[in-house]
Structures are given as structure tokens and as C-alpha cells.
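Undergrad: Model the following, please.
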Amino acid sequence: MTAVGFRVKSGYAIAVVLDGSRQTPRPVASRIVELSDPGVAETRQPYHDGFYKTEEDAHEIARRVAIVKRCARKSVAALLETLRLARPEPVEGRARSGQAAVRGALVVGSLIDPATVANPHIRAHAQEGQLFRTVLEESLAAHAVHCDVIVDKQLASQVAKELGRPASVARAVASFGKTLGGRWRAEEKAAATAAWLTLR
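TA: Just a heads-up that it's a prediction; the model follows:
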């Protein structure tokens, strides 16, 4: 089985891919998945108008959101194509030879409903969190990749509940960074942990 964990941030997500099972997870890759356009800086925080100011122009917000959706679809398709080329079995929809389809897990900062936030600046952050989570989830669903959503603060308790050995999981996840190389910080570890929880 292949699982992809994502730590969703504002404008991008960190993806970590694992193969195998919960008993024997194997790190495959770590990638940055762009959810905004690097050439259009305002798409990184589409509900903001510079620092500590909210964007009030509905047409401008709609333009930015459309770019975000396009970027998410393109980035997810590229990630899944990379996995498909690396393996003989397909990663989209049903897999051959009895293999399970790819599954995903999104680690997010919050699931708060922006409509419940009174402060406009904090509400803008909540809207962006909801937007980037949603476009990533929808882009994956378009490729038949089902996703669980986990709040970052609940990740450790979920590991304890489902895997029952948080200390050994943390050590193993830390070792994945040595295997994959490159940046391996809290975000990558969270994505890898989420992917592990998704394995069966």
C-alpha cells in the first residue's frame, strides 16, 4: 500500500510518501506541493491585503481562489504522476494485483469554521486554512485518493490510540529523514506520521 501524508500550510503543503504496512512502513519521498502560484504572491494568503489587513474586494478574492484551485490540481496531478512512474501499478482509482489504492491524510492547524470567528484578521487566517485544506482534499479526490483530516494538536494522541507506541514511532519517523535526505523538520515529521496512520 502507498500512503501520502500532507502537512498543510498557507499556500503549500509538505507531502511525505510511505509504502508498506503499519508494521513495516518504508519512506519513499518527500515533496513540496504548491497550492499557490509563486509568481502571484497574494495567492499565498488570498484573504489578506498585506500584513495584518484583510482583503475586502470579493472579485479579487475570487481571482486568487481560482488560481489556488488551479495550482492545487496541477501540483497533485504532478505528485501522483511521479508516484505512478516510480511503480508498475497505478496510483489512481483501483489498483491491479489486489493492491489498495493510494490513501492520504491531511494534517491541518485547525478545523474552525471561519464564520464563527469575530476578529477579521483571525478570520482571514481561518479562511485560508479552510481553503488550502479543501482544495487539496478535492484535488486528491479527483484522482480517487481518499483522505483523512487530522488536527496537528491531535496527532500525538491519535498515534498513541492507533499505533500504541508513540516513542518508537517518533524514533522511526526521525530516521525516515536520514533515508530521504533534505529538510526534515516538524512539518515533514507530521506528514510522515499521518501517512503511517493511513497505512493498513
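
Undergrad: Tell me the pLDDT of the closest residue to residue 142 other than its chain neighbours.
TA: Distances taken as C-beta to C-beta, 6 or more residues apart in numbering put residue 73 closest to residue 142, at 7.1 Å, once the chain neighbours are dropped. C-beta coordinates here come from the backbone N, C-alpha and C atoms, glycine included. Note for residue 73: predicted pLDDT of 98.

Undergrad: when you give positions from now on, start the count at 30
TA: With the count now opening at 30, the last piece we talked about shows up as residue 102.

Undergrad: Output the contacting helices and strands for the helix or strand hosting residue 102.
TA: Using DSSP states H and E, residue 102 maps to helix 87-115. When contacts are defined as 3 or more C-beta pairs under 8 Å, 6 or more residues apart in numbering; DSSP states H and E, helix 87-115 packs onto strand 31-37, strand 54-63, helix 149-170.

Undergrad: quick one, which of the ones you listed is packed in tightest?
TA: Across the helices and strands packed on helix 87-115, the average number of neighbours (mean count of other C-beta atoms under 10 Å) peaks for strand 31-37, which reaches a mean of 29.

Undergrad: how far off helix 149-170 does that strand point, in degrees?
TA: Counting by axes from the mean of the first three to the mean of the last three C-alpha atoms, to 10 degrees, strand 31-37 lies at 160 degrees to helix 149-170.

Undergrad: Sheet-wise, list the partners of strand 31-37 with their directions.
TA: strand 41-49 (antiparallel), strand 132-137 (parallel) (DSSP bridges).

Undergrad: I'd like the average pLDDT over that strand.
TA: On average, strand 31-37 scores 97.

Undergrad: try stretch 185-196
TA: 94.

Undergrad: Buried residues of that stretch, list them for me.
TA: The neighbour-count criterion (16 or more other C-beta atoms under 10 Å) identifies 187, 188, 192 as the buried residues of stretch 185-196.

Undergrad: so can I have CSV of these showing secondary structure and distance to residue 149?
TA: Converted to CSV, those look like this (DSSP: H, G, I helix; E, B strand; the rest coil; distance: C-beta to C-beta, whole Å):
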residue, secondary structure, distance to residue 149
187, helix, 33
188, helix, 36
192, coil, 40
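
Undergrad: Please verify my assumption that residue 106 contacts residue 113.
TA: No - under the criterion of C-beta atoms under 8 Å, residue 106 is not in contact with residue 113, lying 10.2 Å apart.

Undergrad: quick revisit: got the helices and strands packed on helix 87-115 as JSON lines, with distance to residue 202 columns?
TA: Compiled in JSON lines, the helices and strands packed on helix 87-115 are given as follows (distance: least, C-beta to C-beta, whole Å):
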{"stretch": "strand 31-37", "distance to residue 202": "10"}
{"stretch": "strand 54-63", "distance to residue 202": "9"}
{"stretch": "helix 149-170", "distance to residue 202": "21"}
